[in-house]
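Q: got a predicted structure here, sequence first:
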Amino acid sequence: MTPQEIEALFTRESGEFLFARWGRPIAPIVFGVEDETLSVVKGAFEALAALSGHKLAETDAELGSNCMVFFFRDWAELPQVPGLDGLLPGLADLVARLEAEGANQYRVFRFDAEGAIKAAFVFLRMDKALSRLPAEELALAQVAQVFLLWSEGAFRDRSPLAVAGDTIILRPEVAGLIRAGYDPVLPSVARDPAHALRLFARMEPAL
């Protein structure tokens, strides 16, 4: 992966370069799945935490749970979730737009005063396409996409996952980039495209 390719992964559709990682431990909670799938999603968080060196927590002092993952069948279910409209102002308009687009997934981030990630909301409408995916594959891909603030189109044309034998893994360059992004020497937030060079210099093949 070249510095230019890394830069593109964090360049917004507006043309702005913006890198951000979590500035606090991630305290995830999952809604709408059975215990078997719940353990798979938690396993994905644990795997990414081990890869990045970033901590997980049972609770967040400010928000309780700061990374919420919702599985559901219809976008119309979201406004019925108690308190969700308070966490996400404009939820009704967002749901209407996602329904009109036929979207099956959406992620929303919240940031602290410095611009580091402090909360994330992952919405997965389990249509035929998502329902066909093995739980391990779906969970790993989604968790990888909330560990850093990727650009809107970072994985639009290519999944962050790869196949190694019979196992689904993160693509080595994606894993290496996540690990580099959490180097404690680097800032949690960067708006200068030169940050891509710093990430490039720290990338190693993932084990």
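A: Nice, thanks for sending it over.
Q: E58: neighbouring residues, count only.
A: Residues near E58, counting by other Cβ atoms under 10 Å, number 10. In short, each C-beta sits where N, CA and C put it, glycine included.
Q: distance of it from N66?
A: 11 Å (Cβ to Cβ, to the nearest Å).
Q: what does P79 give?
A: P79 sits at a distance of 21 Å from N66 (criterion: Cβ to Cβ).
Q: walk me through the domains of the protein.
A: Listed domain ranges for the chain are 1-19+151-207, 22-133 (source: automatic domain parsing).
Q: Provide a list of residues in contact with A103.
A: A103 makes contact with 75, 125, according to Cβ atoms under 8 Å, 6 or more residues apart in numbering.
Q: before we move on, the earlier item: residues that sit against both of E58 and N66, list them.
A: Common neighbours of E58 and N66 (Cβ under 8 Å, 6+ apart) are A27.
Q: now F10: closest residue in space, sequence neighbours ignored.
A: F19 (4.7 Å; Cβ to Cβ, 6 or more residues apart in numbering).
Q: spell out the secondary structure type for V30.
A: strand (DSSP: H, G, I helix; E, B strand; the rest coil).
Q: what about M68, neighbour count?
A: 22.
Q: right, I mislabeled it, should have said S14
A: By the criterion of other Cβ under 10 Å, S14 has 8 neighbours.
Q: the helix ranked longest in the chain - what's its average pLDDT?
A: Across the chain, the longest stretch assigned as helix under DSSP state H is helix 35-52. Mean per-residue pLDDT for helix 35-52: 95.
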